[in-house]
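here is my input; please provide its structure:
(2 chains)
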Protein chains: 2
Amino acid sequence: MDAALKKSLDRIFFPSSVAIAGVSNRMDSPGTLFLRSLKDMAFEGEIYPVNPRYDEVLGYKCYADIRSIPICPDLAILSVPPAAVPGLVRECAACDTGGCIINTAGFSESGREEGRALEHEITEALQGSDLRLVGPNCMGIYSSRGRIALFAGMFPTEGRASMISQSGSLSSITFMTGLERGILFDKIVSSGNELDLNCADYLEYYANDPHTKMILAYLEQIRDPRRFLATAKDIKGMKPLIVLKAGVTASGGKAAASHTGALAGSAEVLQGAANQAGIILAEDLGEMLDAAGALYHLPKCKGRKVAIVSSPGGIAVNAADAAELFGLELSTLDDRTITELGKFLPLQGTSFLNPVDLGFGGIIPGNYGRTLEVLDRDERVDMILAIGSAPASRDGDIGLISAITEEVLAARPKMQTPVVVILFPSGFVSPYVAKLYSAGIPAYLTPTAACRALDHYCKFHGCP
Amino acid sequence: MDAALKKSLDRIFFPSSVAIAGVSNRMDSPGTLFLRSLKDMAFEGEIYPVNPRYDEVLGYKCYADIRSIPICPDLAILSVPPAAVPGLVRECAACDTGGCIINTAGFSESGREEGRALEHEITEALQGSDLRLVGPNCMGIYSSRGRIALFAGMFPTEGRASMISQSGSLSSITFMTGLERGILFDKIVSSGNELDLNCADYLEYYANDPHTKMILAYLEQIRDPRRFLATAKDIKGMKPLIVLKAGVTASGGKAAASHTGALAGSAEVLQGAANQAGIILAEDLGEMLDAAGALYHLPKCKGRKVAIVSSPGGIAVNAADAAELFGLELSTLDDRTITELGKFLPLQGTSFLNPVDLGFGGIIPGNYGRTLEVLDRDERVDMILAIGSAPASRDGDIGLISAITEEVLAARPKMQTPVVVILFPSGFVSPYVAKLYSAGIPAYLTPTAACRALDHYCKFHGCP
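Here you go, the predicted model:
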């Protein structure tokens, strides 16, 4: 990639010094929240609060402007009224700052002439300098190893995923919901209006970043589509790129315009381009996280043949349908597998065909885990869909779900075949979903969600 | 409906006496669990355990067979080995019992000749009597007002929904997940192999039941399709009928055969028939509950025009897309609405167009609720999609979600316009989902789920 761009983004994601303009003693002002987030992340570099009205904020010496800071900061976070932004950008450009995050909103997305005029002024201020901008109208960056966070209360993780989001709240929601699914982030950029750096730049940076193994993107507008798609093609089959494209309808497009000033494109054009470039398109955050869960945790795909195991459950029949509808194939189990299962499963109320329905035999401790291990040895099985359902009672009778979860967790380390679990669409099962994910086992609430995610996973790995 | 059928089903759902064959002192034997479930439900009628090897079970006098019971029970639950079932059915037929629930599995669904032969024997035993059968291979019935339950641990509810399920576990999972969504049941039948009574009979009964306002069905095979569809047509537009049809693919069909011995049909034929009969088809339990949530809780639909309110959120853009994709229309807000909103919402980072994006102004207490009340007065708005998203932090920073939930709950009683809430796909939000549902406000985890449910809701009420 372009060396200058890489250098700028390196300074933005791994700054040794950060200036924050707009801090105050109001603890909930955005500038102060950025300062708190650096403390939460245990940022070890220099921190320079900027506000002419204070001598000190939260124990840090405060500077009247950028030029008063003794060094030139790698990164400046600007959280000041819109009219004050161009002047600060000019100061940063003058002193060779690496990047500015413009948190401030009220620019082109406002639909007002003043906003557009200010953006024009900011662009002019960049002329002749190497300064690059994140935003405006954004939450900036999360950099796990760089110790920078979008929001106060975030913390460093050992993440392998990175994200580009044209929505600040969606970037943070994804971080949070990702945690529950064991999808941890190395880098996130809330890119806002993308006046300067845009999603194609970030994608190029992530594509070349050895710490980024998977890329998620929430996009309202792809500002440099040719380069974005070319980069996507470069990483096709190597790093999954999952895009939630919003603004694909007339209504969504209008909403995007007032949100980040984006000019959105049509769904059909996008789907065609995505197929060519190997981009996984998600229809919402749920599908994005579902696909990410499979691609983040599962080893390389061997093929599309699934075995379904269930105790007890009509959900197995529904899962067989969903598998076929998403182009997965139900394995014809090996005769040895069926013989092995017959050694410990009761005859009545069970089925040894695929789906393997354990009936109430699933209640007998060990049966579920042994079934998984037998299926694991069957070479005709590429993936296992493990279903856990439970009879109802006042307290949710989570006993069987708990038992199945424990047996899946115990069996998994002995197995080679990828396993995903399907529980059922209820808040009761959330703790079990989280437990499974934290052991690297994707867990879904419906057969549809599981099979759609596995379809994305298979396609990415070239099992068509 | 047929008077004899109604009489039989009345005796099954509201028995004054129940015999249970197959009880024992093993607390986890199915027969004993049925006995316990009657106690949990506070069943007030006579209970007659049957087992020749006991004099007493759980403090109840135990009978050697049906004919030894001093009266003829309205309902007999048979949970005995398959070979013992025909004899007990003959005894029940001889003494004018209303119905038998055959819990036992191992009949035609086993694929074995003995199973089919036993079913044949059972059918013969019915000849010349008024006795009707539920099952075999089923969990029987839940009857809230009749004080009967499928599973131990269930309890009576003030339910308005009824269900037919050819899967026992799915019936109980639906009961349990329904609880979280405020979808409560008056009656459920786990109908199993449907050797005698079938889904068309149960549907006819529910269609004529004043306590049933909505019908859910999990079906692997529709055994009397002509009558089932005719009854569906009769209640079209009056009682929602939501069907999760499993076994619609070749793989699902095979799975259904070994699950309940069903011969499943094709998806295309079904969809055509469903459209004509006004049946709502769901692809899985998630979609079934999503649609049920809207139809159970919302008043009659006025039209397809939605207003979206969000604080803050890229999810609003995604929701605008989802609305249009599911045939909802974004309202053009009245000028008065925009003027009213401008009186209390900050200018910067917000949008008064539809979606109404409160930006971080949503954090100011009262703003979210006031926005809902202003939108409620706009005659151009038929429904409101209220989005609650939240920035991330270590503890899930659920503060904003909590605040928005409280404001929605406080505003709702003052409003006429149906409101549904979209949170985000995370276990963190489960308690808020439950809280909203219990106040009659449907809550969804993705825009897709919300808009698909509203589409079903609009179609049912004839807002095409």
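
ranking helices and strands of chain A by mean pLDDT, which lands last?
Every helix and strand in chain A was compared by mean pLDDT, DSSP states H and E; the lowest is helix A:250-260, with a mean of 82.

my read: A:Gly45 touches A:Phe14, true?
No. A:Gly45 lies out of contact with A:Phe14 (C-beta atoms under 8 Å); the separation is 9.1 Å. All C-beta spots, glycine's among them, are computed from the backbone N, C-alpha and C.

identify the contacts common to those two.
Counting by C-beta atoms under 8 Å, 6 or more residues apart in numbering or on different chains, the contacts common to A:Gly45 and A:Phe14 are A:Asp74.

what residues does the stretch 201-350 of chain A put near chain B?
Contacts of the stretch 201-350 of chain A with chain B, taken as C-beta under 8 Å from any C-beta of the partner chain, map to A:218, A:220, A:244, A:246-252, A:254-256, A:258-259, A:283-287, A:289, A:308, A:312-318, A:320-325, A:330, A:347-349.

shaky segments in chain A?
Within chain A, the stretches with pLDDT under 70 are A:263-265, A:347-350, A:360-363, A:391-398.

okay, domains of it per the record?
Following the assignment in automatic domain parsing, chain A carries domains at A:1-134, A:157-297, A:300-460.

can you get me the start-to-end distance on the last one?
Using C-alpha to C-alpha, to the nearest Å, the span of domain A:300-460 from its first residue to its last is 9 Å.

look up phi and psi at A:Leu385.
Here is the backbone geometry of A:Leu385 (degrees, to the nearest 10): phi -100, psi 110.

take the domains of chain A and lay them out in JSON lines including distance to B:Pro81 and mean neighbour count.
What follows is the domains of chain A, written out as JSON lines (distance: least, C-beta to C-beta, whole Å; neighbours: other C-beta atoms under 10 Å in any protein chain shown):
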{"stretch": "domain A:1-134", "distance to B:Pro81": "64", "mean neighbour count": "19"}
{"stretch": "domain A:157-297", "distance to B:Pro81": "43", "mean neighbour count": "23"}
{"stretch": "domain A:300-460", "distance to B:Pro81": "9", "mean neighbour count": "22"}
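
how about CSV for those domains, with distance to B:Ile384 added?
Converted to CSV, the domains of chain A look like this (distance: least, C-beta to C-beta, whole Å):
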stretch, distance to B:Ile384
domain A:1-134, 23
domain A:157-297, 15
domain A:300-460, 24
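
show me what from the stretch 1-150 of chain A comes close to chain B.
A:Asp40, A:Pro82, A:Ala105, A:Gly106, A:Ser110, A:Asn137, A:Met139, A:Leu150.

where along the stretch 151-300 of chain A do the strands fall?
If DSSP state E, counting those that start in this stretch is used as the criterion, the strands of the stretch 151-300 of chain A fall at A:161-165, A:185-190, A:214-219, A:241-245, A:280-282.

now do the stretch 1-150 of chain A
Using DSSP E, counting those that start in this stretch, strands in the stretch 1-150 of chain A cover A:17-21, A:46-50, A:56-57, A:60-61, A:75-78, A:99-102, A:132-134, A:140-143.

using JSON lines, lay out those strands together with distance to B:Gly237.
Shown next, in JSON lines, are those (distance: least, C-beta to C-beta, whole Å):
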{"stretch": "strand A:17-21", "distance to B:Gly237": "60"}
{"stretch": "strand A:46-50", "distance to B:Gly237": "64"}
{"stretch": "strand A:56-57", "distance to B:Gly237": "64"}
{"stretch": "strand A:60-61", "distance to B:Gly237": "66"}
{"stretch": "strand A:75-78", "distance to B:Gly237": "57"}
{"stretch": "strand A:99-102", "distance to B:Gly237": "54"}
{"stretch": "strand A:132-134", "distance to B:Gly237": "53"}
{"stretch": "strand A:140-143", "distance to B:Gly237": "51"}
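
residues touching the closest residue to chain B within the stretch 201-350 of chain A, list them.
Relative to chain B, the nearest point of the stretch 201-350 of chain A is A:Gly314 (2.5 Å; C-beta to the nearest C-beta). Residues near A:Gly314 by C-beta under 8 Å, 6+ apart: B:Ser165, B:Gln166, B:Ser167, B:Gly168, B:Ser169, B:Leu170, B:Tyr218, B:Glu220, B:Ala246, B:His259.

could you do A:Ala434 as well?
Here A:Ala434 is in contact with A:Glu180, A:Arg181, B:Gly427 (criterion: C-beta under 8 Å, 6+ apart).

is it possible to get TSV of those that adds distance to B:Thr448?
Listed next are the contacts of A:Ala434 as TSV, based on distance: C-beta to C-beta, whole Å:
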residue	distance to B:Thr448
A:Glu180	19
A:Arg181	18
B:Gly427	19
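
for those residues, which one is nearest A:Asn354?
A:Arg181 (27.3 Å; C-beta to C-beta).

would you map the helices across the stretch 151-300 of chain A?
Assigned by DSSP state H, counting those that start in this stretch, the helices in the stretch 151-300 of chain A fall at A:168-180, A:199-207, A:225-235, A:250-260, A:267-277, A:285-297.
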